[in-house]
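> missing the sequence, but the structure's below:
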């Protein structure tokens, strides 16, 4: 039944990994600003190049 | 072309419209920003949120001081030869478009490597190559796209304040331990300890001790790190001969830990480690909930946040140089540009000053000063450049001296005993006496159980729920008020607000609005033609009164005047179709007897015969009369005004009868007035707005600053109320009283739980599982109760 030692150790290691991850995230300042990242996430990564509008004026689509 | 909105800033552009790229703009400034953004492919700015921009202000020369390397060194967070990092406060940040454009600054200038916005704090952290783009160029770039940073003397002196993260760490540690200890307690919950003798589950009994010692290890950081503050606070309280709420909490934690350790060491039982870690976790959660306030608002402002870092001094050779404002000494010659703040008292030597003292007095009307006149620190030059000679240093100026007063050095928090602590005192005494009585009883009845009962009482009576009631109620109220644009500095302010019995109001800017004033006409009626000439005459004038009157007069066709002349400081003269009109001061228009010098008026004459005058009145806030009427039922009211008595009659009509009105009050008078009320045992609420109220706001029990725009100036205070919510002020006071009642009800509720627990404890049958159920149950039910009831209160508020 000494497998319980193994189980305990594994569960403790898993718990500690998360705990250390938490400490790191606080230290890196993730908890300092809890709002801006939620907005930043929604931005496009790449800037949309503004094509010359005259040429790409969308044609009226009768199906829509 | 009515109701056209500027594509950039959303203001109406009826007065002048600029068309560019098929879009309309209200001014060249807005158009320029659009041009900058569109040439850099940043037009997504307008797609995220329409009309999110702001009109850039003219800032020529304003930031010259950023060339000074000493100043750069003090402002930047990191500075080496090539790279600088700076944190800037930008009040205008208000929407997702702002975040987007500011985080894409590197598209506008490649030498900016990184920029990150902290939206709640309204700050931006920029990393840039300082040998390619200087700090000044960076600030100018920001200003050019409408995001002018606000750099004040405050940034200069304490720039690196690292946010305190210790509570988050502690909460994390306690939560981590709590979860794991609960997990390890499972074998105990399934009644294995008692069945060890009778066999039970073999393998769990075998390893019982390992589980227990693991729990012990997990509880160590909880007691000695996460919960350490409670021991410190209890010790401090006892040394000051105060029984605060932390005394029974610390006692509870300590007894829980010691008894549990002894139990597992001598294999007497499983201990209460689950209750212990849970208790600390819930307590810290309450603290965390209470601590969160409004990071973008500053409640601690003194004159330093208003003052610029550097000013332009003209040295002996006649050259301009930027010097830090503290280095200004008596006799220095100082150049003040348009829109700049006057940092010291001095005398005007050159130029024409039109000074806006609204920060100081709340008075919106600018004051005209001539060469040789004295000008005081705190005013803002509105038009053109002036030169002045400093007569004092910054800290000795009239305005800044106010901050030398002792009021600003005492902290209101320490001088106030909150509800929880006053309950805590009685609670501690009764718990200790119950514990001793029960122990004495058991000593005679069954001595072996005496110690057991003593510790059980202290454990179960640990006032976890009581300690949670106030942070959760007040924390939630704080958030509800925040949604209603009433921003409180901390939760304690609600407790103090509930105790108010006297309310003192400033007049200008507080119960009157800053922007609008109303004018009514007295005298002979004007003909239609005269009205048209009047409107067209003042159209050309830039005098603030002309601008106000122009906006108040009804629309007229634009006509060309035959003659027009502006006599500075006197008035305007114009001729059209042989009608000559004079508009201006009484002397200028003709020798008319002025019966009431206290009013602000514009006089009008036509063909040298006096016609009448427009009398300007302060515009009082909406619902003023009804607010005062309802407040007068329970509170003593008074008005303290720095102004003259010109508005006395109108105020008397508006306010409840016999409301005391005091005029011509200097800042020190206001402070002393409040002090004298407090000495009579009154709890005083001060409502003000300008820096001249700062002393009174600090002295009062609760100081509320009224602000038209909460992001800009407001003096040091306990709460900031958005001006549009002024009429709700009384309902907010009532709501705080209700919140206190909720706390008291929660106390009764948690005492009920304590009584149940005490029954088990005194009779000597406290099982760990009972403690493990009772403690979280009482805490959670208190949290639910307070959250629901405060939300009910919040729903009634508008």
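That came through, no problem. Here the structure is a predicted model, which is why all the values come from computation and not from measurement.
> how much space between residue B:395 and residue B:325?
10 Å (CB to CB, to the nearest Å). No exception for glycine: its C-beta is placed from N, CA and C like everyone else's.
> right, I mislabeled it, should have said residue B:794
Look at residue B:794 and residue B:325: by CB to CB, they are 44 Å apart.
> who has more neighbours, the two?
Taking other CB atoms under 10 Å in any protein chain shown, residue B:794 and residue B:325 do not tie; residue B:325 has more neighbours (22 against 17).
> what number of residues lie near the closest residue to the more buried one other than its chain neighbours?
Leaving aside its chain neighbours, residue B:325 sits nearest to residue B:343 (5.0 Å; criterion: CB to CB, 6 or more residues apart in numbering or on different chains). Using other CB under 10 Å, residue B:343 is surrounded by 28 other residues.
> helix/strand/coil for residue B:343?
On the three-state scheme (DSSP: H, G, I helix; E, B strand; the rest coil), residue B:343 is labelled coil.
> quick one, what contacts it?
B:307-308, B:311, B:325, B:328, B:334, B:377, B:394, B:397 (CB atoms under 8 Å, 6 or more residues apart in numbering or on different chains).
> Need phi/psi at the residue lying closest to residue B:722 once chain neighbours are set aside.
For residue B:722, ignoring the flanking residues on the chain, the nearest one in space by CB to CB, 6+ apart is residue B:485 at 3.6 Å. Dihedral angles phi and psi of residue B:485 (degrees, to the nearest 10) take the values phi 70, psi 30.
> if I look at residue B:485, how far off is residue B:725?
Taking CB to CB, one finds residue B:485 at 5 Å from residue B:725.
> Next: residue B:42.
36 Å.
> Could you tell me which residues of chain A lie near chain B?
Applying CB under 8 Å from any CB of the partner chain, one finds that chain A approaches chain B through A:1, A:4-5, A:8, A:11-12, A:15, A:18-19, A:22-23, A:26-27, A:31-36, A:39-40, A:42-44, A:47-50.
> And the least confident helix or strand in chain A by mean pLDDT, what's buried?
Lowest on mean pLDDT, DSSP states H and E among the helices and strands of chain A sits helix A:36-40, with a mean of 82. For helix A:36-40, burial by neighbour count (16 or more other CB atoms under 10 Å in any protein chain shown) applies to A:36, A:39.
> Residues in contact with that helix: which ones?
Residues outside helix A:36-40 that contact it (CB under 8 Å, 6+ apart): B:96, B:99, B:103, B:116-120.
> ok, now stretch B:97-106?
Stretch B:97-106 is contacted from outside by A:36, A:39-40, A:43, A:47, B:37, B:42, B:44-46, B:48-49, B:52-53, B:90, B:92-93, B:112-117, B:119, B:124, B:126, B:141-142, B:145, B:147, using CB under 8 Å, 6+ apart.
> mind running it again at 7 Å?
The contact list for stretch B:97-106, computed with CB atoms under 7 Å, 6 or more residues apart in numbering or on different chains, reads A:36, A:39-40, A:43, B:42, B:44-45, B:48-49, B:52, B:92, B:112-113, B:115-117, B:119, B:124, B:126, B:145, B:147.
> which residues of the stretch 1-150 of chain B fall in helices?
B:28-39, B:44-48, B:69-75, B:96-103, B:105-108, B:135-144 (DSSP state H, counting those that start in this stretch).
> Output the set of residues of chain B in proximity to chain A.
Contacts of chain B with chain A, taken as CB under 7 Å from any CB of the partner chain, map to B:38, B:41, B:43-44, B:96, B:99-100, B:103, B:107, B:117-120, B:163, B:165, B:168-169, B:172, B:176, B:180, B:203, B:206-207.
> that older thread, relative to residue B:637, tell me which of the helices of the stretch 1-150 of chain B wins on proximity.
Residue B:637 sits nearest to helix B:96-103 of all the helices of the stretch 1-150 of chain B, at 41.0 Å, using CB to CB.
> what angle separates the closest one from helix B:28-39?
With axes from the mean of the first three to the mean of the last three CA atoms, to 10 degrees applied, the angle from helix B:96-103 to helix B:28-39 works out at 70 degrees.
> Just the buried residues of helix B:96-103, please?
By 16+ other CB under 10 Å, the buried positions in helix B:96-103 come out as B:96-103.
> picking up where we left off before, how far away is the residue nearest to residue B:722 from residue B:797?
According to CB to CB, residue B:485 and residue B:797 sit 11 Å apart.
> Count the neighbours of residue B:132 for me.
Applying other CB under 10 Å, we find 12 residues neighbouring residue B:132.
> shouldn't it be in contact with residue B:111?
Yes. At 3.8 Å, residue B:132 and residue B:111 qualify as touching, with contact defined as CB atoms under 7 Å.
> follow-up on the earlier one: so which of residue B:42 and residue B:725 has more stuff around it?
Legend: neighbour count by other CB under 10 Å for residue B:42 and residue B:725, higher for residue B:42 (21 against 17).
> Contacts only, for the more buried one.
Counting by CB under 7 Å, 6+ apart, residue B:42 touches B:101, B:104, B:107.
> Which one of these is nearest to residue B:85?
residue B:104 (18.0 Å).
> Neighbours of the closest one, how many?
Counted with other CB under 10 Å, residue B:104 comes out at 19.
> Kindly reformat the helices of the stretch 1-150 of chain B as a markdown table containing distance to residue B:229.
Converted to a markdown table, the helices of the stretch 1-150 of chain B look like this (distance: least, CB to CB, whole Å):
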| stretch | distance to residue B:229 |
| --- | --- |
| helix B:28-39 | 49 |
| helix B:44-48 | 43 |
| helix B:69-75 | 34 |
| helix B:96-103 | 36 |
| helix B:105-108 | 41 |
| helix B:135-144 | 40 |
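> Could you identify which of those is most buried?
Ranked by mean neighbour count, those are led by helix B:96-103 with a mean of 22 (mean count of other CB atoms under 10 Å in any protein chain shown).
> how far out from the middle of the chain is it?
Here helix B:96-103 is found 24 Å from its chain centre; the criterion is CA atoms, centre = their mean, to the nearest Å.
> ok and it relative to helix B:135-144, angle-wise?
150 degrees.
> Could you give the bridge partners of the closest residue to residue B:308 other than its chain neighbours?
For residue B:308, ignoring the flanking residues on the chain, the nearest one in space by CB to CB, 6+ apart is residue B:341 at 5.7 Å. Beta-bridge partners for residue B:341, by DSSP bridges, are residue B:380.
> can you count the residues close to residue B:341?
18.
> so it touches residue B:380, yeah?
Yes. Using CB under 7 Å as the test, residue B:341 is close enough to residue B:380 to be in contact (5.4 Å).
> Would you mind measuring from residue B:12 to residue B:217?
From residue B:12 to residue B:217 the distance is 68 Å (CB to CB).
> Then residue B:137?
Distance from residue B:137 to residue B:217, counting by CB to CB: 57 Å.
> Likewise for residue B:268?
Residue B:268 is 19 Å from residue B:217, by CB to CB.
> next one: phi and psi at residue B:356?
Dihedral angles (degrees, to the nearest 10) for residue B:356: phi -100, psi 110.
> Same check on residue B:278?
Backbone torsions for residue B:278, taken as degrees, to the nearest 10, come to phi -60, psi -40.
> quick one: pLDDT of residue B:301?
We have a pLDDT of 63 for residue B:301.
> nope, residue B:15 is what I was after
Looking at residue B:15, its pLDDT is 60.
> now do residue A:20
Residue A:20 carries a pLDDT score of 94 in this model.
> again, but for residue B:732
Residue B:732 is assigned 91 on the pLDDT scale.
> still on that earlier bit, and the contacts of residue B:42 as JSON lines, adding pLDDT and distance to residue B:643?
Listed next are those as JSON lines, based on pLDDT from 0 to 100; distance: CB to CB, whole Å:
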{"residue": "B:101", "pLDDT": "83", "distance to residue B:643": "42"}
{"residue": "B:104", "pLDDT": "83", "distance to residue B:643": "48"}
{"residue": "B:107", "pLDDT": "81", "distance to residue B:643": "50"}
